[in-house]
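> Here is my input, please return the structure:
(one chain, ligands or ions: 1)
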Amino acid sequence: MKKHNFYAGPSILSEYTIKNTADAVLNFAGTGLSLLEVSHRGKEFVAVNDEARALVKELLDVPETHEVIFLGGGASLQFYMIPFNLMKKKASYLDTGTWASNAIKEAKFVGEVDVVASSADKNYTYIPKNYTIAPDSEYFHITTNNTIYGTELHKIPEVNIPLVADMSSDIFSFPVDFSKYNAVYAGAQKNLAPAGVTIIIVRKDALGHVDRPLPTMLDYRTHIKKDSMFNTPPVLPIFSALQTLKWYKEQGGIKVLQKKNQEKAAVLYDEIDRNKLFRGTVAVEDRSLMNVCFVMNDEYKELEDKFADFAKAAGMIGIKGHRSVGGFRASLYNAMPIESVKALVQTMQEFEKKH
Ligand SMILES: *Cc1c(COP(=O)(O)O)cnc(C)c1O
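Below is the predicted model:
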C-alpha cells in the first residue's frame, strides 16, 4: 500500500532527491567512490557546495548584499549565533510558539530582549498583530511558520528596523524580500534535505559591529570568507539539498511552489471545516500552509484514537499531533504531492461515513 508521509520533520523529500542521494552514496559523480568516503575538498564536492549556494541565491532572489552559508548545529544553534553576531545591546522578538520562545531564551544570554508580543496566552493559536517595537532595538526576530502550533505569518510585519527570521519550516515556500532582512536561517529537515545542515542567509554589512569577541566557529565571517568550507561541512545533507533545489527549479521556482502549497492546504482546510467530526485549532487567517493542525470536535473526542488507527491503516503516516497541541497535524511541505492530501481527505470522509 502507498504510504503518505505527513511527518513534521524530518519529513518528506522529493523522490528525485532520495534517488539521486542513494545513487551518490553508491557512486558519487562517477568517481567510483561513495559520497560518504571522499574529501570535501575534492573538486566534485566543492562543485556541489558551490552549486547549492548559487541555487539558493537564484531561487530566493538573494541580492549581492547577502551571503549564503551552510552550517551544522541545526536552527537551534542559530538561536544563539544570530544575537551573538548581530545584537550589540538589544533586539525585539515576537513570541509565536515553542521555537520562537527558544530563540528568545538564547538571545537573553547575549543582551537585552524586548518581547513585543506573545500568543502564549491562547496556546499559540494566533499571530499577534498589534505591537510596538522599542526604538533602540537593533533587529526584529520573527518565526515565519510555527511548526508545532500550525500558524504562519502570511503578512511579514512592516517595521522600521531590519528583520531576522527563522524560516525552518517554510523556506522556499514563498518569495522573500531580502532587502528587509539582516538574516534568515532554516534547518534543512523540514523543506529541503535530511537533518544535519542549516542554511543561513546573512547581510554582509550587518556583521562586524559587535564589541564582544567572537570565537572562530561562531563568527559568520569565518564561514563567508572560506566559501562555507571553513571546516568539514555536512556533505550528505548538502548533496541532498542540491538535489531538492534542482527539483524546485524544475518545478518552476518559488512562486509555482507557493501556488501549489495554497491549493494543497485549501483542500485539507476545506475538509476540516466541512467535516463535522473535526475542527481546526488556530485562527483562520493565521493558518499555516505547511503544518495543518486539527482535533476531533468535542462531541467526538472519544473517536480520536479510532481515527488515528483508521488513518494509519489507510497509509497516512505521521499525522499524530505534537504533544503540546494533541489531535492531529498533517505537514504538507513542498515535496508533498496534492494526491496525498486528497487521500487524507478521502480517509476523513470515509471515517465520517462510518460514524
Ligand atoms: C524544527 C524547527 C527548529 C529546530 O530545528 P533544529 O534543526 O532541530 O535545531 C527551529 N525552528 C523551527 C521553526 C522549526 O520548525
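
> contacts and neighbour counts: CA atoms only from here.
Will do.

> which one is the most centrally placed residue in the chain nearest to, not counting chain neighbours?
Geometric centre of the chain, nearest residue: Ser169, 1.8 Å, by C-alpha atoms, centre = their mean. Leaving aside its chain neighbours, Ser169 sits nearest to Lys190 (5.2 Å; criterion: C-alpha to C-alpha, 6 or more residues apart in numbering).

> dump the residue contacts of that neighbour.
Applying C-alpha atoms under 8 Å, 6 or more residues apart in numbering to Lys190 gives the contacts Ala8, Gly9, Pro10, Ser11, Ile12, Ser168, Ser169, Asp170, Tyr333.

> make it 6 Å
With contact set as C-alpha atoms under 6 Å, 6 or more residues apart in numbering, Lys190 has these partners: Gly9, Pro10, Ser11, Ser169.

> So how do I select the buried members of those in ChimeraX?
If you want just the buried ones from the contacts of Lys190 in ChimeraX, going by 16 or more other C-alpha atoms under 10 Å, the selection is:
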select :9,11,169
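
> Which of the helices or strands spans Ala308?
In the assignment (DSSP states H and E), Ala308 maps to helix 304-313.

> List the buried residues in that helix.
Within helix 304-313, the residues scored as buried using 16+ other C-alpha under 10 Å are Glu304, Phe307, Ala308, Phe310, Ala311, Lys312.

> likewise stretch 118-132?
The neighbour-count criterion (16+ other C-alpha under 10 Å) identifies Ser118, Ser119, Asn123, Tyr124, Thr125, Tyr126, Ile127, Pro128 as the buried residues of stretch 118-132.

> so the nearest residue to Phe230 once chain neighbours are set aside is in which element?
Of all residues beyond its chain neighbours, the one nearest Phe230 is His223 (5.6 Å), with distances taken as C-alpha to C-alpha, 6+ apart. His223 is located in helix 220-225, with elements delineated by DSSP H and E.

> Restrict that helix to CA atoms and write it as PDB.
Only the C-alpha atoms of helix 220-225 are listed here, as PDB (Å, rounded to 0.1, in the frame of the first residue of the first chain):
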ATOM      1  CA  TYR A 220      29.600  34.100  10.400                       C
ATOM      2  CA  ARG A 221      32.500  36.000   8.800                       C
ATOM      3  CA  THR A 222      34.800  32.900   9.200                       C
ATOM      4  CA  HIS A 223      32.400  30.800   7.100                       C
ATOM      5  CA  ILE A 224      31.700  33.500   4.500                       C
ATOM      6  CA  LYS A 225      35.400  34.100   4.000                       C
END
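
> Let me see the residues that make contact with that helix.
So helix 220-225 is in contact with Phe230, going by C-alpha under 6 Å, 6+ apart.

> Quick one: mean pLDDT for the following helix or strand past that helix?
Heading C-terminal from helix 220-225, the first helix or strand you meet, by DSSP H and E, is helix 235-251. Along helix 235-251, the predicted confidence averages to a pLDDT of 98.

> tell me which residues in helix 235-251 are buried?
Of the residues in helix 235-251, those scored as buried under the neighbour-count criterion (16+ other C-alpha under 10 Å) are 235-249.

> And stretch 347-354, by the same measure?
Of all the residues in stretch 347-354, those buried under the rule 16+ other C-alpha under 10 Å are Thr347, Met348, Phe351.

> what is Asn291 paired to in the beta sheet?
On the basis of DSSP bridges, Asn291 is bridged to Ser331.

> gap between it and the ligand?
10 Å (C-alpha to the nearest ligand atom, to the nearest Å).

> Does that residue touch Asn334 like I think?
No. Taking C-alpha atoms under 6 Å as the contact criterion, Asn291 and Asn334 are not neighbours in contact, 11.3 Å apart.

> what does the stretch 1-150 of the chain have sitting close to the ligand?
Gly74, Ala75, Ser76, Trp99, Asn145, Asn146, Thr147 (C-alpha under 6 Å from any ligand atom).
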